[in-house]
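Novice: Test case, fold it:
(2 chains)
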Amino acid sequence: MYRAAIATLVLLTASAAFADGGLVTLRGETPLDVSTTPPPMPSVVNTDIREVRGWPEQPPVIPHHIDNYQIDLNVNRCLTCHGRTAVGASQAPMISITHFMGRDGQVLAAVTPRRFFCTQCHVTQSDVRPIVGNDFKDVDDVIKAMGKP
Amino acid sequence: MWRLVRRTWAVMRRPSVHFSLGFLTLGGFLMGVVFWGGFNTALEATNTEAFCISCHEMRDNVFQELRQTIHYTNRSGVRASCPDCHVPHRWTNKIARKMQASKEVWGKIFGTISTREKFLAHRLTLARNEWARLEANDSLECRNCHSAESMDITRQSSRAVQAHERFLFSGEQTCIDCHKGIAHRLPDMRAAALRPDPAAMGDARRFLAAMEE
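Specialist: Numbering: from 1, shown residues only, chains lettered A, B, ... in the order given. Purely as a prediction, here's the structure:
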């Protein structure tokens, strides 16, 4: 009974929010039985020019296509260029040495399993207008604003 | 046995008693057309995507993977189907490949890859067969569409330009050396190098030295 009351309350609140037009899903206000027109898919930046990192620890973004790159138990397509032994031939940047460290900081001979799935942290970029704005400031700008050298 | 051969030979040597020369030559010609045409039609029928995916081994495994890739759907609407990559286009080579394929008929009859598990267990062997074939013929089936001569590298990304200049145009590598797993998922590659041994590939310094010469 108690649970049913809560559910009703949630439903009522949700429908009220929808009725306002204040809260919608990414899908918009199209009814569920109607197909939306999907927005055009932005193309991936493929310049091969490294992007500046927002802060030192930021995982570098991927400046090229990674369509259908296989990363699974069988093979890691990224490491065929970015792996330690591959960079001589590929001239791609080698993965950071942190990727060889286990969680206790022990350095292993190969990529540690917790770092194996590249796209968990590294992503491609698209030249689009951000959906949500933010007021992130580069640390250099912050220091400058504070008036210190 | 020997007597049978001799008797057949004697019959073959003797001039025809009942049939005219015209009947025999024209009839022979017509039958030749029918048999040769029939043979080639049957051969072409086995050279279609529909034939390949009429077996569940191909339809449920490799075909499903191909459908995700750029060789199946792409911006220009050109599609490469199974025989475009897996069967040579030249007649003699095609016949040779078709004769090899009799082993695949054997595999079909005895269910060598009749389940997903069996297929995955054999995947490395199967992939290696195809890699070896493409390495041996200098990626001929790739080059039926993608020739180095008609490749405009100014339209490629700088990464692709570098790789093609260093390895493809120099003849040091062939397409399949780098482009493995573009149409199907890769097997467990711990047992096989996705790229040739880096030592055998030559490093950037050697390439630059060669460019300066």
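Novice: Assumed A:Ile66 was part of a strand.
Specialist: No: A:Ile66: not assigned to a strand; according to DSSP: H, G, I helix; E, B strand; the rest coil it is coil.
Novice: A:Cys81 is in contact with that one, correct?
Specialist: No: using C-beta atoms under 8 Å, A:Ile66 is not in contact with A:Cys81, being 11.1 Å away. From N, CA and C alone the C-beta is placed, and that goes for glycine too.
Novice: Tell me, how many residues neighbour A:Val128?
Specialist: 9 (other C-beta atoms under 10 Å in any protein chain shown).
Novice: and if you look at B:His122?
Specialist: By other C-beta under 10 Å, the residues close to B:His122 number 14.
Novice: so what's it up against?
Specialist: Each residue near B:His122 by C-beta atoms under 8 Å, 6 or more residues apart in numbering or on different chains is listed here: B:112-113.
Novice: Could you report the pLDDT at it?
Specialist: On the pLDDT scale, B:His122 is placed at 93.
Novice: Over to B:Leu168?
Specialist: 92.
Novice: right, and it touches B:His179 too?
Specialist: No: judged on C-beta under 8 Å, B:Leu168 makes no contact with B:His179 at a distance of 10.2 Å.
Novice: More neighbours: which of those two?
Specialist: The residue with more neighbours, out of B:Leu168 and B:His179, is B:Leu168; 20 against 14, by other C-beta under 10 Å.
Novice: Give the closest residue to the more buried one in space, chain neighbours not counted.
Specialist: B:Ala148 (5.9 Å; C-beta to C-beta, 6 or more residues apart in numbering or on different chains).
Novice: Please apply the same query to B:Ile53.
Specialist: Nearest to B:Ile53 is B:Arg59, by C-beta to C-beta, 6+ apart, at 4.0 Å.
Novice: hang on, that neighbour in a helix?
Specialist: Yes: the assignment for B:Arg59 by three-state DSSP puts it in a helix.
Novice: Compute the distance between it and B:Phe119, please.
Specialist: 12 Å (C-beta to C-beta, to the nearest Å).
Novice: In terms of neighbours, single out the busier of the two.
Specialist: Per other C-beta under 10 Å, whichever of B:Arg59 and B:Phe119 has more neighbours is B:Phe119, with 17 against 12.
Novice: And the more buried one, which helix or strand is it part of?
Specialist: helix B:116-136 (DSSP states H and E).
Novice: so how far is that helix from its chain's centroid?
Specialist: Relative to the chain's own centre, helix B:116-136 is displaced by 13 Å; criterion: C-alpha atoms, centre = their mean, to the nearest Å.
Novice: Check which element follows that helix along the chain.
Specialist: With elements assigned by DSSP H and E, the helix or strand that comes after helix B:116-136 is helix B:140-143.
Novice: can you pull the contacts of B:Lys98?
Specialist: So B:Lys98 contacts B:43, B:46, B:87 (C-beta under 8 Å, 6+ apart).
Novice: again, but for A:Val45
Specialist: By C-beta under 8 Å, 6+ apart, the neighbours of A:Val45 are A:63, A:124-127.
Novice: all helices of chain B, in order?
Specialist: Taking DSSP state H, the helices of chain B run over residues B:2-13, B:21-45, B:49-52, B:56-57, B:63-66, B:82-86, B:91-100, B:102-110, B:116-136, B:140-143, B:158-163, B:175-178, B:198-201, B:204-212.
Novice: Flag every buried residue along the fifth one.
Specialist: For helix B:63-66, burial by neighbour count (16 or more other C-beta atoms under 10 Å in any protein chain shown) applies to B:63, B:66.
Novice: so where is the chain shaky, pLDDT-wise?
Specialist: You didn't say which chain, so I picked chain A. Along chain A, the model assigns pLDDT under 70 to residues A:1-22, A:148-149.
Novice: if you could check chain B rather than the one you did, that'd help
Specialist: In chain B (pLDDT under 70), the answer is B:192-213.
Novice: how far away is the nearest residue in space to B:Cys55 that is not next to it in sequence from B:Met58?
Specialist: Ranked by C-beta to C-beta, 6+ apart and with sequence neighbours excluded, the top spatial neighbour of B:Cys55 is B:Lys108, at 6.3 Å. From B:Lys108 across to B:Met58, the span is 10 Å (C-beta to C-beta).
Novice: Looking at those two, which one has more neighbours?
Specialist: B:Met58 (19 against 14).
Novice: could you list every residue that touches the residue lying closest to the more buried one once chain neighbours are set aside?
Specialist: Spatial nearest neighbour of B:Met58, excluding adjacent residues (C-beta to C-beta, 6+ apart): B:Cys52 at 4.9 Å. B:Cys52 makes contacts with B:58, B:63, B:81-83, as judged by C-beta under 8 Å, 6+ apart.
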